[in-house]
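1. using only what follows, build the 3D model:
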Amino acid sequence: MKILTVDIGTGTQDIYLYDSRIDLENGFKLVVPSPTMIVHGRIRQATRRGDAVLLTGVTMGGGPSQWAAEDHARAGLPVYALPQAARSFNDDLTAVREMGIQVLSEDEAANLPDSVVRLELRDFDYRAIARALEPFDVSLADLAAVGVAVFDHGNAPPEYSDRQFRFDYLDERIRAKNRLSAFAYRSEEVPAMMTRLQAVVDSSDGVDVPLVVMDTAPAAVLGATFDAEVRARSRALICNVGNFHTLAFRLGPDGIEGVFEHHTGLIDLNKLEDLLRSLADGSLKHEDVFGDHGHGALIYDPEPLPLERQDFNVAVTGPRRGLFRPEAHGQPEPGFRAGSPAPLLPYFAVPFGDMMISGCFGLLAAVADVLPELGEAINASLRGAGGSGTPPWEIE
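-> Numbers count the residues shown, from 1 in each chain. This next block holds a predicted model:
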């Protein structure tokens, strides 16, 4: 049984092909530029040439692509966008127009001259991944399922904070299903308000097997739980330091005990350690994070998680996990401050030997929950009992 998993972040898209016949460490993988980085580069090229740009396709991740589009407009060059593509930058099309981007109808776009550079926006390009693997004689023709993770703020109502809307969504999912796979859906069950997840479904042409979509941060944290050191704990504090968002979960035998989500660019190590300590002892309040321009915090189980362990007391994953490295701050030890509590002791989780694929392993575990008919083989692999120990070159 084979399952394609694709974890799409701001900097990279991480691709892992699961095969139940072999050990997870032998699975084929790719780490390549994220779709928003690809669009960013192509807009930059158009800016250097002085070409007008039309953005088509569906809603996808913004960030770098938005910054390049805004710079293009500031350079006095036209940026056109169809409505769905424009919502990659803001669900409010008035706000998109205020960036200098001209939102056009399909008919208006069809009348633009051929000299306009047309860029299709999409987070998930199944056919491109299949083409990339084909020269290596890796086929996706016999898949059992596909899993894709993206970060989705959701489409907040007018005048409602998108930060609060996102955190309301996290809270609702945790209360409905107190496990990390609660943030994963079959393609036909995606809530209408989760527009980026739905856009992945809408642009999944070529996929003729069950598709599961999931939020990236819970996928990364779920993947980190399969690190042997983390898995040995009955309760754990796990922090995913993403390029844009930092999200931490306190996990226990009954599921999620607490959570917070902040913007990575607004925190340093000292602030992050304070938040993690408060999450661990149960004192963290929503306003502590939301009032600091983050998304928020919630405690579901008031029982404190002791942090006196000497080996490590917080497991860390994510592309900006280096925030926990003291040399990045010119500090003699993690979190050192005169008169401060003892620094946290981070452990850099490496599930099945590869931190970059943590989200893919989390996706795989979520697929097992969402598609239970595939769960037995997947769970056996994740427990280390999957595969036959047979080398890949002996697999027919």
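2. so where is the stretch 251-396 of the chain shaky, pLDDT-wise?
-> Counting by pLDDT under 70, the stretch 251-396 of the chain contains low-confidence ranges at 309-310, 326-342, 385-396.
3. 80 instead?
-> For the stretch 251-396 of the chain, the stretches with pLDDT under 80 are 308-310, 326-343, 385-396.
4. residue ranges of the helices in the stretch 251-396 of the chain, please?
-> Taking DSSP state H, counting those that start in this stretch as the criterion, the stretch 251-396 of the chain contains helices spanning 269-281, 286-290, 358-370, 375-382.
5. a markdown table please, covering these and showing mean neighbour count.
-> (C-beta placed from N, C-alpha, C; glycine too.) Rendered in a markdown table, the data for those read as follows (neighbours: other Cβ atoms under 10 Å):
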| stretch | mean neighbour count |
| --- | --- |
| helix 269-281 | 20 |
| helix 286-290 | 18 |
| helix 358-370 | 28 |
| helix 375-382 | 18 |
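6. residue 291: neighbour count?
-> Residue crowding around residue 291 was assessed by other Cβ atoms under 10 Å; the count is 10.
7. any idea how far it is from residue 266?
-> Going from residue 291 to residue 266 by Cβ to Cβ, to the nearest Å gives 12 Å.
8. next one: residue 231
-> The span separating residue 231 from residue 266 equals 31 Å under the rule Cβ to Cβ.
9. and those two? which has more neighbours close in?
-> For residue 231 against residue 266, the residue with the higher neighbour count under other Cβ under 10 Å is residue 231, and the figures read 15 against 12.
10. and the nearest residue to the more buried one once chain neighbours are set aside, what does it touch?
-> Here the nearest residue to residue 231 in space, its sequence neighbours aside, is residue 225; by Cβ to Cβ, 6 or more residues apart in numbering that works out to 6.2 Å. Neighbouring residues of residue 225 by Cβ atoms under 8 Å, 6 or more residues apart in numbering: 180, 231, 236, 238, 251, 351, 362.
11. between these, identify the one with the most neighbours.
-> residue 362 (34 neighbours).
12. quick check: that residue touching residue 217?
-> No - look at residue 362 against residue 217 with Cβ atoms under 8 Å: they stay out of range, at 9.5 Å.
13. dump the residue contacts of residue 260.
-> Residues in contact with residue 260 (Cβ under 8 Å, 6+ apart) are 247, 248, 275, 279, 284, 289, 294, 295, 296, 297, 298.
14. hmm, who's touching the helix or strand containing the second one?
-> The reference is to residue 248. In this structure, residue 248 sits in strand 245-252 according to DSSP states H and E. Residues lying outside strand 245-252 but in contact with it, judged by Cβ under 8 Å, 6+ apart, are 151, 180, 217-218, 221, 225, 234-240, 256-264, 267, 272, 275-276, 279-280, 295, 301, 305, 314, 318, 320.
15. got the angle for that strand vs helix 269-281?
-> Orientation note: strand 245-252 sits at an angle of 30 degrees relative to helix 269-281 (axes from the mean of the first three to the mean of the last three Cα atoms, to 10 degrees).
16. in the stretch 201-350 of the chain, which spans are strands?
-> Listed from the start of the chain, the stretch 201-350 of the chain has strands (DSSP state E, counting those that start in this stretch) covering 211-215, 236-241, 245-252, 255-263, 296-299, 314-317, 346-348.
17. reformat those strands as a markdown table; add distance to residue 135.
-> Formatted as a markdown table, those follow (distance: least, Cβ to Cβ, whole Å):
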| stretch | distance to residue 135 |
| --- | --- |
| strand 211-215 | 25 |
| strand 236-241 | 33 |
| strand 245-252 | 35 |
| strand 255-263 | 40 |
| strand 296-299 | 46 |
| strand 314-317 | 31 |
| strand 346-348 | 33 |
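18. need the contacts of residue 225 in CSV with distance to residue 174, can you?
-> Putting the contacts of residue 225 into CSV (distance: Cβ to Cβ, whole Å) gives the following:
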residue, distance to residue 174
180, 9
231, 21
236, 16
238, 15
251, 11
351, 22
362, 16
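19. which pLDDT value belongs to the residue minimising distance to the centre of the chain?
-> Note on the chain: the residue nearest the mean C-alpha position is residue 216, at 2.4 Å, using Cα atoms, centre = their mean. The pLDDT attached to residue 216 in the predicted structure is 95.
20. ok, it touching residue 151?
-> Yes - under the criterion of Cβ under 8 Å, residue 216 makes contact with residue 151 at 4.7 Å.
21. got any residues that touch both of those two?
-> Contact with both residue 216 and residue 151 is made by residues 9, 242, according to Cβ under 8 Å, 6+ apart.
22. so what's residue 313 up against?
-> 237, 280, 307, 344, 345.
23. can I have the buried ones of these as a ChimeraX selection?
-> To isolate the buried subset of the contacts of residue 313 in ChimeraX, counting by 16 or more other Cβ atoms under 10 Å, use the following:
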select :237,280,307,344,345
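24. could you dump the contacts of residue 313 to a markdown table with distance to residue 375?
-> Output for those, formatted as a markdown table (distance: Cβ to Cβ, whole Å):
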| residue | distance to residue 375 |
| --- | --- |
| 237 | 27 |
| 280 | 31 |
| 307 | 34 |
| 344 | 35 |
| 345 | 34 |
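25. brilliant, that's me finished.
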